[in-house]
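# this one's sequence-less:
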């Protein structure tokens, strides 16, 4: 054991310079690490600062024996003349260690400040997230109310449209068996019929009396069946009414249909008596019976603007129901 201790002392005496150089390299590595330290990631910065303090403490503990050795040894050989003494090197190392320690403390302070800022930011973010959640809930509640209002508005619009239709039907309705139907925007409607976009048009309902038969007209402006493309087809339709149970069935009244000459010179007229065996004139079981009338009512060339049946893009169709024996 004594021999090994003497060898260790001899080794320390002979290799002091080598040991100091190794220590200096280690210290320079620590300096480089400190100078490159960037407080971008707080967790990594804390780890590096802790590692730095540990390295500085280890280095101070290691330098203790070398300080005493250098004091004993000094500069005894001629080769050491003109070179920095070991004491000077140790003092330089100590200064660097102090500088590194100050830098480490500075970074520790910076990390503490950043930690406090992160905590404040975290609290602010939590408050923002809570407010955002509340705002989102309010937005969803408002969206639900908007959808409900849209549905209510749509239902009201539908009810208004139905009322308008009823009002128009009431406005144009008659209860004396005579009905004049004005068809406006005739050119467009005729083109729609040719393109089959809207081949047929129904008139408003009219009545033989206030509590009588309910009827309407159906016109094909470009013809239907045998009259398609050559004639305007005009039909008479029995509709389901509120007082059908009080009326006589089948319907037997004579019907006269007329395309009016707007100069009152030459009306296009056709008339028929119902076929009482036809389902068209029995008591309706659906909203409308099958239409019956005149597929070859009026040649299409008579509807040109040079004739008097179409003026200002309007035509007039008249229906007369014979009220005899009602």
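Here it is on my side, so go on. What you see is a predicted model, and the numbers here were worked out from it, not measured in a lab.
# in the stretch 151-300 of the chain, which ranges drop under the pLDDT threshold?
Within the stretch 151-300 of the chain, the stretches with pLDDT under 70 are 165, 168-172.
# ok, now with 50
The model of the stretch 151-300 of the chain has no residue with pLDDT under 50.
# how about the strands of it, start to end?
Residue ranges of the strands in the stretch 151-300 of the chain, as given by DSSP state E, counting those that start in this stretch, are 178-183, 200-202, 206-207, 214-220, 231-239, 255-259, 268-272, 292-299.
# Show me the one of those that comes nearest residue 139.
Closest approach to residue 139 among the strands of the stretch 151-300 of the chain is made by strand 200-202 (46.9 Å; Cβ to Cβ). (C-beta placed from N, C-alpha, C; glycine too.)
# just to revisit the earlier point, so for residue 321, which of the strands of the stretch 151-300 of the chain sits nearest?
Among the strands of the stretch 151-300 of the chain, the nearest to residue 321 by Cβ to Cβ is strand 255-259 (5.7 Å).
# packing partners for that closest one?
For strand 255-259, the packing partners by 3 or more Cβ pairs under 8 Å, 6 or more residues apart in numbering; DSSP states H and E come out as strand 231-239, strand 268-272, strand 292-299, strand 315-321.
# hey, which of the ones you listed is tucked in deepest?
Stretch with highest mean neighbour count among those: strand 231-239 (a mean of 23; mean count of other Cβ atoms under 10 Å).
# for the closest residue to residue 189 other than its chain neighbours, what are its contacts?
Of all residues not flanking residue 189 in the chain, residue 221 sits nearest, at 5.9 Å (Cβ to Cβ, 6 or more residues apart in numbering). Listed by Cβ atoms under 8 Å, 6 or more residues apart in numbering, the contact set of residue 221 reads 186, 189, 190, 193, 201, 232, 303.
# Among the strands of the stretch 151-300 of the chain, which comes closest to residue 113?
Per Cβ to Cβ, nearest to residue 113 of the strands of the stretch 151-300 of the chain: strand 200-202, 83.6 Å.
# Direction included, what does that closest one pair against?
Its sheet considered, strand 200-202 pairs with strand 214-220 (antiparallel) by DSSP bridges.
# List the beta-bridge partners for residue 237.
residue 216.
# Residue 117: how many residues sit nearby?
11 (other Cβ atoms under 10 Å).
# For residue 229, which phi and psi angles does the backbone take?
Phi and psi for residue 229, reported as degrees, to the nearest 10, are phi 80, psi -10.
# Please produce TSV containing the contacts of residue 221, extended by distance to residue 267.
Converted to TSV, these look like this (distance: Cβ to Cβ, whole Å):
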residue	distance to residue 267
186	17
189	21
190	20
193	22
201	20
232	14
303	14
